[in-house]
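**Q** sequence plus the predicted model coming up.
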Protein chains: 2
Amino acid sequence: MRNALTGMFGIDSPLVGFNRSPGVVAEVTKAGGMGVLAATGYTPEELDAQLTWIEQQVGGRPFGVDVLVPSKTATGDPADYIASLRAQIPDEHRRFVDELLAKYDIPPVPDPELGSERFAASVGPEIVEPLLDVAFSHRISLMANALGPPPPGMLERGRRDGIPIAALVGTPEHAARQLDLGVDLLVAQGTEAGGHTGTIATTVLVPEVVEAAGDVPVLAAGGIASGRQMAAALALGAAGVWCGSVWLSSHEDITSPAVKAKFLGATSSDTVRSPARTGKPARQLRSAWHDEWAGPASPGALPMPLQPMLVTEAWRRIDRAAEQGHAGARELESFFIGQVVGSFAQLRPAAEITREMIDDCREVLRGLGGLAD
Amino acid sequence: MRNALTGMFGIDSPLVGFNRSPGVVAEVTKAGGMGVLAATGYTPEELDAQLTWIEQQVGGRPFGVDVLVPSKTATGDPADYIASLRAQIPDEHRRFVDELLAKYDIPPVPDPELGSERFAASVGPEIVEPLLDVAFSHRISLMANALGPPPPGMLERGRRDGIPIAALVGTPEHAARQLDLGVDLLVAQGTEAGGHTGTIATTVLVPEVVEAAGDVPVLAAGGIASGRQMAAALALGAAGVWCGSVWLSSHEDITSPAVKAKFLGATSSDTVRSPARTGKPARQLRSAWHDEWAGPASPGALPMPLQPMLVTEAWRRIDRAAEQGHAGARELESFFIGQVVGSFAQLRPAAEITREMIDDCREVLRGLGGLAD
């Protein structure tokens, strides 16, 4: 399957695999696609170690890095960024989270502040530059930004090092803005995708973005976890696919077994697009957590990064208790996932998923060619 | 493009066009697809006249009829059905509608009760049987039901007359139920579709329904208004496409010019899935109407058919005033439409839309076949 995308990166098949697990990234790349590591949540030192490990695995084949740099967030005092953000969280919201955890009888964790500090920092100004420094010091083939326009300097660095810059978009208007800025690749992500996502479905969004993009290649994202869906994306005019959720059904993915078990039992109706975890609408497995935040007692989600600061400790408590079989925690347990979760039948090696998608896609394309006559 | 669907109906191309305008139905059939008339909203006499006219136009080519028979609605007293339903509408809801119309300064219509009575009757038990009688008395090739399981007797009548029965589904679970009942054709409709629709996107839903359906052909609906999108539906495993929204951009469609003008100016972000018009979630052009019903003063939508009974007169007033250029009415003006509304550039003949979709689809399929090598 040779096209503009495979030529751009020197890959066998137009499939990009986005995941936070270095093992998934390496396996997708080795199987003929291109893995992209989600860097958010890692310290610069951790990211450096992960990218070094990936380089050792892939033997010169290409991989990429994705950072989450939202353009609009609550603003803090640069002199004491985390403390100034923490002061913006209303008592009402803290009380709601405390009462929610008490209602479901979730036990505490020994180091409660660790997670919330880290996440807040990871989207704040102090850590983005060091993360980019680390990423650009490695032999990466793609740098992507998951939310809004690329942060200052990213496009210039990409130009300097000859590394294409990609941006995720959820509307044709976002696409036009990114094209004006000069991005090299667009990821048109439909509402059915996991994580931060808009309201327009992949079938509608992809052709709109392709039309706006001219010669800039477009990857389709959202609802793509099989060869059929990959072929459909190519039919819509995409140069390739950007798959995220499907890797949550792989052995190599680092998501906890309790979450993966919930995914395996879920249907395509079991997701919800909610701001209750990050402060921006993101698709997740629907759980009691989302129902409580949508209920009459809810104070409503705070903007990013205040909501993650507020709830990250709660999620560490929920994840740990769920892993130990705690009933209330299992009711609340959730993670980011798209509507394709309904197709998860078992956990499999990431390389097998990659190869099956590519082989099935090729077979579907052949059949479609025959139907034209 | 010969496949299971074209063989089933003896049509040139696997494209079904669903619309309430007899002119659209006839043109789609004549251009090589198959038109399906939405019968809801017509009296039996009107339906009889429409089907007779279509038969005269299509010269023996196939067409179908679709009825809207919801399985769950508010129940009325059979002895005085409409009056018993009317008594169930709370004063609070009547007041909300009156105040909404006053706020936007919408003038009255001379015959206020006409529309509401008719719609309530059209989904009630008295009129469904006569509508089916009329439909089955014509030379139809397909009978479809748009909401829930087919009403009693529809499958038996289809068997007797050799007419395939189709059902629209929005989840794999709905599909399994319909297959158990013995329907001959499934329409898997994604959330991006106009009108009554679920939450699962077409990319995810269609492969799930295809897998559940075995030998029963599946049409993809939702997000399909171009040859690229038609090819994507075939890639997903559909035997063909069921297009609804795209005809709202045709000359033959009977929707008022004021609504069509709003459609031409809309983007794919401008729709909303809301129960505020029919009592069940239906995708429509988002307007001040939906914002008011979602606002803090809203009493919430009533179940079907109480909500249409409550609001049909209001909509007749809004439609009439909007047609006369009334500013408030234009703010409220809306109709059922899918996310493909963003692709409407101009009004065109339905035959031209049909032929272009088919030709473009064939070209895309040829290109995809070449990509496989």
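**A** Looks like it came in fine.
**Q** please name the residues that touch the closest residue to residue A:12 other than its chain neighbours.
**A** Take residue A:12 and drop its neighbours on the chain: the residue closest to it by CB to CB, 6 or more residues apart in numbering or on different chains is residue A:32, 3.7 Å away. C-betas here are computed from N, CA, C, even on glycine. Listed by CB atoms under 8 Å, 6 or more residues apart in numbering or on different chains, the contact set of residue A:32 reads A:11-13, A:15, A:354-355, A:358.
**Q** please indicate which of the residues you listed are buried?
**A** Listed as buried from the contacts of residue A:32 are A:11, A:13, A:15, A:354-355, A:358; burial here means 16 or more other CB atoms under 10 Å in any protein chain shown.
**Q** can these go into CSV with extra columns for secondary structure and distance to chain B?
**A** Listed next are the buried ones among the contacts of residue A:32 as CSV, based on DSSP: H, G, I helix; E, B strand; the rest coil; distance: CB to the nearest CB, whole Å:
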residue, secondary structure, distance to chain B
A:11, coil, 14
A:13, coil, 11
A:15, strand, 13
A:354, helix, 17
A:355, helix, 16
A:358, helix, 11
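**Q** widest-spaced pair of those?
**A** Farthest apart among the buried ones among the contacts of residue A:32 by CB to CB are A:11 and A:355. That separation is 13.5 Å.
**Q** phi and psi next, for the residue nearest to residue A:12.
**A** Dihedral pair for residue A:32: phi 110, psi 0, per degrees, to the nearest 10.
**Q** what does residue A:18 give?
**A** phi -100, psi 130.
**Q** looking at the stretch 1-150 of chain A, which residue is nearest chain B?
**A** Residue of the stretch 1-150 of chain A nearest chain B, by CB to the nearest CB: residue A:1 (5.6 Å).
**Q** quick check, that residue in contact with residue A:359.
**A** No - applying CB atoms under 8 Å as the test, residue A:1 and residue A:359 come out as separate, 10.6 Å apart.
**Q** compare those two (neighbour count), which wins?
**A** When neighbours are counted by other CB atoms under 10 Å in any protein chain shown, residue A:1 and residue A:359 differ, and residue A:1 comes out ahead with 22 against 12.
**Q** who's in contact with that one?
**A** Contacts of residue A:1 (CB under 8 Å, 6+ apart): A:12-14, A:358, A:361-362, A:365, B:371-372.
**Q** am I right that residue A:268 falls within a strand?
**A** No - counting by DSSP: H, G, I helix; E, B strand; the rest coil, one finds residue A:268 to be coil, located in no strand.
**Q** within the sheet, what are the partner strands of the helix or strand harbouring residue A:168, with directions?
**A** Under the criterion of DSSP states H and E, residue A:168 resides in strand A:165-169. Applying DSSP bridges to the sheet, strand A:165-169 is found paired with strand A:142-145 (parallel), strand A:185-189 (parallel).
**Q** which of those sits most buried?
**A** Stretch with highest mean neighbour count among the strands paired with strand A:165-169: strand A:185-189 (a mean of 29; mean count of other CB atoms under 10 Å in any protein chain shown).
**Q** where does residue A:161 fall, phi/psi-wise?
**A** phi -100, psi 0.
**Q** residue A:136 is in contact with that one, correct?
**A** Yes - in this structure, residue A:161 is within contact of residue A:136 by CB under 8 Å, at 6.1 Å.
**Q** would you mind telling me which of these two has the busier surroundings?
**A** residue A:136 (17 against 12).
**Q** chain neighbours aside, what residue packs nearest to that one?
**A** residue A:157 (5.4 Å).
**Q** which SS state does that neighbour fall under?
**A** Going by three-state DSSP: residue A:157 is helix.
**Q** relative to residue A:335, how far out is it?
**A** According to CB to CB, to the nearest Å, residue A:157 stands 31 Å off from residue A:335.
**Q** looking at these two, which one has more neighbours?
**A** For residue A:157 versus residue A:335, neighbours defined as other CB under 10 Å are more numerous around residue A:335 (21 against 16).
**Q** for that one, give me its contacts.
**A** A:248, A:255, A:259, A:263, A:284-285.
**Q** change it to 7 Å
**A** By CB atoms under 7 Å, 6 or more residues apart in numbering or on different chains, the contact list for residue A:335 reads A:255, A:259, A:284-285.
**Q** which regions of the stretch 101-250 of chain A sit below the pLDDT cut-off?
**A** A:112-127 (pLDDT under 70).
**Q** can we see that at 90?
**A** Residue ranges of the stretch 101-250 of chain A with pLDDT under 90: A:109-131, A:145-154.
**Q** now do the stretch 251-373 of chain A
**A** Residues of the stretch 251-373 of chain A that meet the cut-off, pLDDT under 90, sit at A:304-305, A:308-309, A:312, A:372-373.
**Q** mind putting the buried ones among the contacts of residue A:32 into JSON lines with distance to residue B:238?
**A** As requested, the buried ones among the contacts of residue A:32 are exported to JSON lines (distance: CB to CB, whole Å):
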{"residue": "A:11", "distance to residue B:238": "29"}
{"residue": "A:13", "distance to residue B:238": "24"}
{"residue": "A:15", "distance to residue B:238": "22"}
{"residue": "A:354", "distance to residue B:238": "25"}
{"residue": "A:355", "distance to residue B:238": "25"}
{"residue": "A:358", "distance to residue B:238": "22"}
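**Q** and which of the residues you listed is nearest residue A:171?
**A** residue A:15 (24.2 Å).
**Q** can you tell me how far the closest one sits from residue A:32?
**A** Distance from residue A:15 to residue A:32, by CB to CB: 8 Å.
**Q** spit out the contact partners of residue A:39.
**A** Residue A:39 is in contact with A:47, A:65-67, A:131, A:135, counting by CB under 7 Å, 6+ apart.
**Q** what about the helices in the stretch 1-150 of chain A?
**A** A:4-9, A:22-30, A:44-58, A:81-86, A:91-103, A:114-123, A:125-136 (DSSP state H, counting those that start in this stretch).
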